[in-house]
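Enquirer: take this sequence and fold it.
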Amino acid sequence: MTESTSYIEGYLEELRLVFGRANATIDAYYQDLGNLSAVLENLGSNLLSADSRVIGIAIDQLGSRLATTSLVRLISVARGFYRYLLNIGAINLSPLEGLEVPKAPLYFPEVLEIHEVEALLDVINLGTDYGVRDRAMLELAYGSGLRASEVIGANVDDLDLEEALARVRGKGDKFRIVPLTPLSVSMLRRYIYEGARSNLEGHSRSSALFYSSRSKRISRQALWQIVKKYALLAGIRTSIHPHTLRHSCATHMVAGGADIRSVQELLGHSSITTTQIYTHITPTRLLEVYRASHPRA
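Expert: Numbers count the residues shown, from 1 in each chain. This is a model prediction of the structure:
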């Protein structure tokens, strides 16, 4: 193990244990720092000895093969790593000090119109156990704005159908309570209590809410394929994925007048900046509010 690798692992361990970063985040950070380290080694340097000139060359080389958003993220990860090295006294100055970071282009997530969401859900055949499962799963994803990982990771005892609430394990193993729509409650009751879940569960007897055809917890890939299948059946040409339902939920709520803080809490965003992207997707609503409230509009 090189000295750089040892420090990388120490930094990532701190992020995991102290700051509760999710494993997927840790893996992405490890890859980013590994890519930067490899380029520096090709330049005859390393993460600990690189000065601002060498780190600038490395960033330029990475920029030639990475998308701007990926490069911005890598630089952000590297800044955090060098702050860690400064804090533990491994270096005296960050080589990223004063480095100009390219601006990432504004990202507007793909969203469905309300009628498209309705078409997607209505096309599901409720005459089969799989159809009941799929409708319950997608009602939950859209109705409560859940991430794909939160849908597939849900357990049956996370639900309080009497109170129309669900406990959700989000990023960094942070829990939050989210409301359930009446349609979500109705479909979840049907799925759980009318035989579909027990039929799919088989002999596994686990706590998973949603099961695959092999009586295992449904996978992210399976959820992705389910969404794609029903989008095709519903005639939706937009390329969508499970997260599209989450984006659509947030966008429709903001367009309907929900305040941004409430949407942030529902989605489980740690920063309101992440949630504010949905205010940019609803210019029509903004224009209506502006015209109704501004004295000169």
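Enquirer: who are the contact partners of residue 12?
Expert: Neighbouring residues of residue 12 by Cβ atoms under 8 Å, 6 or more residues apart in numbering: 26, 29-30. Just so you know, the C-beta spots here come from the backbone N, C-alpha and C atoms, and that holds for glycine as well.
Enquirer: those, buried ones only, as a ChimeraX selection?
Expert: Restricted to buried positions by 16 or more other Cβ atoms under 10 Å, the ChimeraX selection for the contacts of residue 12 reads:
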select :29,30
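Enquirer: how far out from the middle of the chain is the helix or strand in which residue 12 is found?
Expert: Element membership for residue 12 (DSSP states H and E) is helix 3-17. How far helix 3-17 lies from its chain's middle: 24 Å, per Cα atoms, centre = their mean, to the nearest Å.
Enquirer: can I get that helix as PDB, trimmed to CA atoms?
Expert: Taking Å, rounded to 0.1, in the frame of the first residue of the first chain, the C-alpha atoms of helix 3-17 are listed here in PDB:
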ATOM      1  CA  GLU A   3       1.400   6.400   1.300                       C
ATOM      2  CA  SER A   4      -1.200   8.100  -0.800                       C
ATOM      3  CA  THR A   5      -3.500   5.100  -0.700                       C
ATOM      4  CA  SER A   6      -3.100   4.900   3.000                       C
ATOM      5  CA  TYR A   7      -4.200   8.600   3.400                       C
ATOM      6  CA  ILE A   8      -7.100   8.100   0.900                       C
ATOM      7  CA  GLU A   9      -8.400   5.200   3.000                       C
ATOM      8  CA  GLY A  10      -8.100   7.200   6.200                       C
ATOM      9  CA  TYR A  11     -10.100  10.000   4.600                       C
ATOM     10  CA  LEU A  12     -12.800   7.800   3.300                       C
ATOM     11  CA  GLU A  13     -13.000   6.000   6.600                       C
ATOM     12  CA  GLU A  14     -13.600   9.300   8.300                       C
ATOM     13  CA  LEU A  15     -16.300  10.200   5.800                       C
ATOM     14  CA  ARG A  16     -18.000   6.800   6.500                       C
ATOM     15  CA  LEU A  17     -17.700   6.700  10.300                       C
END
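Enquirer: coming back round to it: which ones among the contacts of residue 12 map onto strands?
Expert: Among the contacts of residue 12, DSSP state E puts none in strands.
Enquirer: lowest-confidence entry in the contacts of residue 12?
Expert: The lowest pLDDT within those belongs to residue 26, with 90.
Enquirer: follow-up on the earlier one: now, among the contacts of residue 12, which is nearest to residue 177?
Expert: Closest to residue 177 out of the contacts of residue 12 is residue 26 (26.1 Å), distances taken as Cβ to Cβ.
Enquirer: what sits against the nearest residue to residue 11 once chain neighbours are set aside?
Expert: In space, and not counting its chain neighbours, residue 11 is closest to residue 84: 4.5 Å by Cβ to Cβ, 6 or more residues apart in numbering. Going by Cβ under 8 Å, 6+ apart, residue 84 touches 7, 10-11, 14.
Enquirer: and for residue 176?
Expert: 167-168, 170, 265, 268.
Enquirer: how about residue 135?
Expert: Contacts of residue 135 (Cβ under 8 Å, 6+ apart): 121, 124, 126, 187, 191.
Enquirer: what about it, which helix or strand?
Expert: Following DSSP H and E, one finds residue 135 within helix 129-144.
Enquirer: which one of the contacts of residue 84 has the most neighbours?
Expert: Within the contacts of residue 84, most neighbours by other Cβ atoms under 10 Å means residue 11, with 23 neighbours.
Enquirer: pLDDT score for that residue?
Expert: At residue 11, the predicted lDDT confidence score is 93.
Enquirer: from here on, call the first residue 2.
Expert: Happy to do that; since the first residue is 2 now, the last one works out to residue 12.
Enquirer: looking at the contacts of residue 13, which is nearest residue 71?
Expert: Distance to residue 71, by Cβ to Cβ, is smallest for residue 30 among these, at 12.8 Å.
Enquirer: distance of residue 206 relative to residue 91?
Expert: According to Cβ to Cβ, to the nearest Å, residue 206 stands 50 Å off from residue 91.
Enquirer: swap that for residue 228, sorry
Expert: Residue 228 sits 45 Å away from residue 91, going by Cβ to Cβ.
Enquirer: try residue 201
Expert: Using Cβ to Cβ, we find residue 201 at a distance of 52 Å from residue 91.
Enquirer: neighbour count: those two, which is higher?
Expert: It is residue 201, of residue 201 and residue 91, that has more neighbours when counted by other Cβ under 10 Å, with 22 against 14.
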